[in-house]
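>>> below are the sequence and a predicted model for it; my questions follow.
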Amino acid sequence: MDPHLLRTYVTVARLASFSEAARELGYTQSAVSQHIAALEQDLGASLLTRRPVAPTAAGERLLEHAGPLLLRLDAARADVARIAAAPALGLTLAAAPTALGPRVLAALPPAGVTLRVLPRAGIPAAVATGTADLGLVDGLAAPSDPLRLPDVAPLTTEGVGEEPVCVLLPESHPLVGRTGLRLGDLADARWLDAPDAALPLDRLRAVTGGHGFRPALKYEGTDVRALGALAAAGHGLALLPRAAAVAVPGAVAVPVVAPRVVHRTELVYGGSPRGAAAALAEALLIRA
């Protein structure tokens, strides 16, 4: 299967238009049509209906395979380029917002850093494809347990820190005087659904072995301060690492005492980091 044809198909399916795909890819519309016809002939299946432009059942199944396949190809290209290239003077770090704790920020070099705050799911792909030299992912885990990351490429992950987690409550909440909270007791509370700024609600369900944790408001950003303001205003509870939770004005951070879980941060990289990336990785791992 020709990856060029596959990329054309994915673009047409995403945009639902041959002409828009041609514009984005820099091809003529005729070339895009020829690519799709060649791919359909190769697979022996119709992949798209034409009016409207939409994937067929076979096309939908191909899309399920296309993303991982194309990502692996990009990752292979980036991995080879990493080995062949000279060490970079600067570095690009992709990180989840709650992975940027005080210790990480203190370890950043004084110059030459590009920091990309991304949704957690996009960080391994950014490292694999070479758009970031290093990644910092985080999540909820049992103490010393590794995080479960998507298998996008041969990447190395190493733990760089663990800290307690806290429930963020508005100052008027009746539980603010508690010294600790059990997550299971809060399953029916109002929660903020903020998968890229707080610890995701599906992980809360997983660690408590139950249901609940229904969202009262969905927040699709990565700004932890904005999330804290929503919690302080009473729009819902949020689970955050202690360092991020205690600094929110108008809200109170109460530690989670059960189940026994921590906020874990891991360094993600491909190959052997060099230059500035190697120096930062060494600084983070030495202190872990």
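Great, that's in hand.
>>> Thr49: which element?
Secondary structure assigned from DSSP states H and E places Thr49 in strand 48-50.
>>> buried ones in the helix or strand that that strand is followed by?
Sequence order places strand 53-55 as the next helix or strand after strand 48-50, per DSSP H and E. Going by neighbour count (16 or more other CB atoms under 10 Å), the buried part of strand 53-55 is Val53, Pro55. Where you see a C-beta, it was placed from the backbone N, CA and C, and this is true even at glycine.
>>> before we move on, what about stretch 137-150?
For stretch 137-150, by 16+ other CB under 10 Å, it's Val137, Asp138, Gly139, Leu140, Ala141, Leu147, Leu149.
>>> in strands only, show me those residues.
Val137, Asp138, Gly139, Leu140, Ala141 (DSSP state E).
>>> quick one: the strands in the stretch 151-288 of the chain?
In the stretch 151-288 of the chain, the segments counted as strands under DSSP state E, counting those that start in this stretch are 156-163, 165-170, 181-182, 191-193, 215-218, 238-241, 251-258, 262-269.
>>> tell me which of those strands is the most buried.
strand 238-241 (a mean of 26; mean count of other CB atoms under 10 Å).
>>> so what touches that one?
98, 101, 138, 140, 163-168, 183, 191-192, 194, 197-199, 204, 224, 227-228, 230-231, 253, 256, 263 (CB atoms under 8 Å, 6 or more residues apart in numbering).
>>> partners of that strand, with directions?
Strand pairing for strand 238-241, determined by DSSP bridges: strand 165-170 (antiparallel).
>>> ok, and what's touching the strand it pairs with?
Residues contacting strand 165-170 (CB under 8 Å, 6+ apart): 140, 175-176, 181, 183, 186, 199, 228, 231-234, 237-242, 245-246, 248, 250-256, 261-263.
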